[in-house]
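K.L.:
Next comes the sequence, and after it the predicted model I'd like to discuss.
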Amino acid sequence: MARQRLPQAKAEASGAVLKNAGRFANRKTPKRTRPLGEPYARMNEVERGYWDEYSTELPWLHSSHRVMLRIACRLSALLDDGDMPVSAMQTLSAILSKLGATPTDETKVNHGSDDEEDPAEAFFSRPN
């Protein structure tokens, strides 16, 4: 069985990035994206509460995640009702995984190309 993927933040904190830089070379962060925005107008108060919670806990979400996040909010509200079928729980788990809601899944998200470099990176990057 393969080892679980090490989250980027944990790899940086533990020094794994320095030990095996090639393993972490292609992991990107999102650039030039629109913000997530406000919840959909037709969502109820419980779903809006989950929207706020997820948008706070998952700051990498942006406008392209809106529909999946809406489904996650609806299923999370259904979970609060206590009458959630197992298939709906599995669906919620899969959606949260696709949104990168776990440390391991977050590193699997392709955040686009790294065409532009941040000018401040020269001051904060680690020496070879």
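P.N.:
It's in.
K.L.:
Give me the contacts around the strand or helix carrying Tyr50.
P.N.:
When secondary structure is defined using DSSP states H and E, the element that contains Tyr50 is helix 45-57. Applying C-beta atoms under 8 Å, 6 or more residues apart in numbering, the set of residues contacting helix 45-57 from outside is 36, 39, 43, 61, 69-70, 72-74, 76-77, 80, 99, 101. For every residue, glycine as well, the C-beta is placed using N, CA and C.
K.L.:
looking only at pLDDT, what's the mean for it?
P.N.:
Along helix 45-57, the predicted confidence averages to a pLDDT of 94.
K.L.:
can you start the count at 3 instead of 1 from here on
P.N.:
Taking 3 as the first residue, the last one we looked at is helix 47-59.
K.L.:
what's the next secondary structure element after that helix?
P.N.:
Moving toward the C-terminus from helix 47-59, the next helix or strand (DSSP H and E) is helix 68-83.
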